[in-house]
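In: Mind looking at a prediction? Sequence and model below.
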Amino acid sequence: MTQRQISQPTLVLSAQAGDVDAFEDLYRTHVGKVYGLCLRMLREPSRAEELTQEIFVLAWQKLGSFRGDSAFSTWLYRLAANAVLGHLRAQGRWDERFAALGQAAPERAGDIPRPDRGIDLERAIAALPPAARMVFLLSQVEGYRHREIAQLIGIAEGTSKAHLHHARQQLRKDLDR
């Protein structure tokens with residue numbers, strides 16, 4: 001089935017009225033970005049696919065709560081970000097990784113950086129604590145501003161800035177090794 005050429009607000013209104021085809025068009029428009037976020041945060045393609053589907057089921061269920069105060073994509077991305085963070089919390093990884101935010105790894109004697117030990121950027125990003133990783137990806141990859149990130153994931157703008165600062169510091173440290 002081809003995607004209809006209808007405006008996003010019209011598709012959302014139609015989907016809210018129960019039009020499954022309209023929701024399918026919204027799904028096709030946004031599934032790539034939602035899956036990309038899930039994959040970057042979870043680093044498990046099969047789990048990212050499952051969670052992406054769960055997010056769209058949740059979006060269908062909560063579509064009536066979308067008031068149009070922001071773009072549908074913003075609302076959906078916030079739903080996705082919260083679902084990913086909830087998944088990480090449920091797995092017990094949240095506290096463990098969040099506690100590592102800002103803590104330096106202990107230095108070992110004779111631990112001299114060598115070019116052959118370089119960490120690639122993807123692995124370094126994946127090693128960030130979830131909150132810092134989420135802010136880093138939304139800011140540096142997706143291009144959101146701190147105000148938008150704060151709204152998307154429900155944190156203060158200053159907290160977003162702090163997470164980005166810590167993420168950048170950790171990445172510099174990891175990539176300089």
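Out: Nice, thanks for sending it over. Note that the structure is a prediction, hence the values are computed from the model and not measured.

In: what's the pLDDT at Pro130?
Out: If you check Pro130, the pLDDT there is 87.

In: Just read off the phi/psi values of it.
Out: Main-chain dihedrals, Pro130, degrees, to the nearest 10: phi -50, psi -40.

In: before we move on, which element is the residue lying closest to it once chain neighbours are set aside in?
Out: Among residues not flanking Pro130 along the chain, Leu88 sits closest, at 4.9 Å (C-beta to C-beta, 6 or more residues apart in numbering). Where you see a C-beta, it was placed from the backbone N, CA and C, and this is true even at glycine. For Leu88, the host element (DSSP states H and E) is helix 72-90.

In: Am I right that Ile51 is in contact with Leu42?
Out: Check again: residue 51 is Leu, not Ile. Yes - applying C-beta atoms under 8 Å, one finds Leu51 in contact with Leu42, separated by 6.8 Å.

In: so what sits against both of these two?
Out: Common contacts of Leu51 and Leu42 (C-beta atoms under 8 Å, 6 or more residues apart in numbering): Val84, His87.

In: Tell me how far Leu137 lies from Met41.
Out: In this view, Leu137 and Met41 are 7 Å apart by C-beta to C-beta, to the nearest Å.

In: Neighbour count for those two, which is higher?
Out: Neighbour count, other C-beta atoms under 10 Å: between Leu137 and Met41, Met41 has more, with 25 against 20.
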